[in-house]
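Chemist: For reference, the sequence and a predicted model appear below.
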2 protein chains.
Amino acid sequence: MSKLRFNITMSLDGFVAGPNQSEQDPLGVGGEELHRWAFPLAAFREAHGDEGGEVNESTPVIEGMIENVGAAIMGRNMFGGGPGPWGENPWNGWWGDDPPFHNPVFVLTHHAREPLTLNDTTFHFVTEGIESALEQAKEAAGGKDVSLGGGASAGQQYLAAGLLDELEISVVPLLLGAGVRLFDNLGGATVELEQIRAIEAPGVTHLKYRLLR
Amino acid sequence: MSKLRFNITMSLDGFVAGPNQSEQDPLGVGGEELHRWAFPLAAFREAHGDEGGEVNESTPVIEGMIENVGAAIMGRNMFGGGPGPWGENPWNGWWGDDPPFHNPVFVLTHHAREPLTLNDTTFHFVTEGIESALEQAKEAAGGKDVSLGGGASAGQQYLAAGLLDELEISVVPLLLGAGVRLFDNLGGATVELEQIRAIEAPGVTHLKYRLLR
């Protein structure tokens, strides 16, 4: 069955972005540090159109993140482009002419917009809420899984609604002290987790959980 | 060199005790769940004077927690016994006649008291603060390491003061949603961590970090 899977990197003290997020600094102060474990990896560089890089214990984890994925969902902040509406020269995402998704992407937003196709990625803008986005993404995935790309707010909404099937958290040895907590705004929802596996890698540990219903 | 080492179990959302802690319920609501991974283990049962139990990937971790340890430090709440001065029938700890420490234990408190010896564990009550307790414990450890037994408040004080050498966090697949956060009250202290290792075990992952100075 098609699963909804969410991967995100979290500091040891629970933050997925630093404080003072802005359009210019979407990861907040210190937030870039969260992803330092991924930047040198060949698997990460290749996904972003770059060559070279390292292979280590994180490699199969990064490869696994896109394995059997047929569609993606992301929050409005992750797609970027200001508080909108979209206007005459609409923002086309952070990723240039060849976004690294290669699958249909469903962007949660309050502002309707025609689909946007860049190379082999089409962004669909969903104004009907998270359940509708999930339905559309599962339909588009054709039996494969749906990857929830973040950010924290989208993750929290799916978690609180009980719609997430798998949660993979890459825990980095960093204390941000402030910022956006992954496990916030859950509105008292009961979330039961089962640990699937943990992988130790340089500068990060990848924890994977199944959500129990 | 003698190290100060801190082991504690934390929920995936960062709590080391649930909400509404009290004398009757020192781990707070739901806090007992944090330690469910340890209870069935032979290594845990043996340390608490019980027989039988399981062996799994957590076993060497539990054994490692007491390896090369020559003294312990704990906060006043972990020793227990109410807020008071000690009085005429003073509290002698949670552990009965044979506490599982088998080493000198230094209890942080604001209330002076003569040392208390129960079998091969002597509790010393330190009123001069965390640095004095650490000095005394290192002296008593005779070159071995000092184990910081908790709770969260004692751990935070040593972390904020830059006196901790190793931090081992057993992360359990549990969202408590509220309670006592491990990484709180650090007063903006800069804490730099290096990941030493991660061990996957049933229902828990043991993350070990070195504190960088």
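Modeler: Nice, I can see it.
Chemist: for A:V146, what are its contacts?
Modeler: Contact criterion Cβ atoms under 8 Å, 6 or more residues apart in numbering or on different chains gives A:S2, A:K3, A:L4, A:R5, A:V69, A:G70, A:A71, A:A72, A:I73, A:L134, A:A137, A:K138 as the residues in contact with A:V146. Glycine gets a C-beta too; all of them are placed from N, C-alpha and C.
Chemist: at 6 Å what do you get?
Modeler: In this structure, A:V146 makes contact with A:L4, A:A71, A:A137, A:K138, judged by Cβ atoms under 6 Å, 6 or more residues apart in numbering or on different chains.
Chemist: so it sits in a helix?
Modeler: No: in this structure, A:V146 is strand, not part of a helix, as judged by DSSP: H, G, I helix; E, B strand; the rest coil.
Chemist: Setting the sequence-adjacent residues aside, check what's closest to the spatially most central residue of chain A.
Modeler: If you average the C-alpha coordinates of chain A and look for the closest C-alpha using Cα atoms, centre = their mean, you land on A:G149, 2.1 Å from that point. By the measure of Cβ to Cβ, 6 or more residues apart in numbering or on different chains, the closest residue to A:G149 outside its immediate chain neighbours is A:M74, 4.0 Å from it.
Chemist: thinking again about what came up before, show the pLDDT at the residue nearest to the centre of chain A.
Modeler: Listed pLDDT for A:G149 reads 90.
Chemist: and the contacts of A:V146, which of them are in helices?
Modeler: Counting by DSSP state H, the members of the contacts of A:V146 that fall within helices are A:A137, A:K138.
Chemist: just to revisit the earlier point, can you name the residues that contact the residue nearest to the centre of chain A?
Modeler: A:G149 sits in contact with A:A72, A:M74, A:M78, where contact means Cβ under 6 Å, 6+ apart.
Chemist: from those, which would you call buried?
Modeler: A:A72, A:M74, A:M78 (16 or more other Cβ atoms under 10 Å in any protein chain shown).
Chemist: strand partners of the helix or strand containing A:K208, parallel vs antiparallel please.
Modeler: Assignment of secondary structure by DSSP states H and E places A:K208 within strand A:204-212. For strand A:204-212, sheet partners with direction are given as strand A:166-172 (antiparallel), strand A:192-201 (antiparallel), following DSSP bridges.
Chemist: now the longest one, how far from the centre of its chain.
Modeler: The one in question is strand A:192-201. Here the centre of strand A:192-201 is set off from its chain's centre by 18 Å, with Cα atoms, centre = their mean, to the nearest Å.
Chemist: buried stuff in it?
Modeler: Of the residues in strand A:192-201, those with enough neighbours to count as buried (16+ other Cβ under 10 Å) are A:L193, A:Q195, A:A198, A:I199, A:E200, A:A201.
Chemist: A:N7 belongs to a strand, doesn't it?
Modeler: Yes: applying three-state DSSP, one finds A:N7 inside a strand.
Chemist: Get me the contact residues on chain A for chain B.
Modeler: Residues of chain A lying near chain B by Cβ under 6 Å from any Cβ of the partner chain: A:13-14, A:173, A:175, A:183, A:191, A:193, A:195, A:198, A:200, A:205, A:207, A:209.
Chemist: Can you tell me which one of those residues sits lowest on pLDDT?
Modeler: Looking at pLDDT alone, these dip lowest at A:V191, where the score is 93.
Chemist: need the contact list for the closest residue to it other than its chain neighbours.
Modeler: Once its chain neighbours are removed from consideration, A:V191 has its nearest residue in B:L175; the separation is 4.9 Å (Cβ to Cβ, 6+ apart). With contact taken as Cβ under 6 Å, 6+ apart, B:L175 is in contact with A:F183, A:V191, B:D13.
Chemist: Just the buried ones from these?
Modeler: The neighbour-count test (16+ other Cβ under 10 Å) marks A:F183, A:V191, B:D13 as buried among the contacts of B:L175.
Chemist: A:L207 and A:I169 touch, don't they?
Modeler: Yes: using Cβ atoms under 6 Å, A:L207 is in contact with A:I169, at 4.9 Å.
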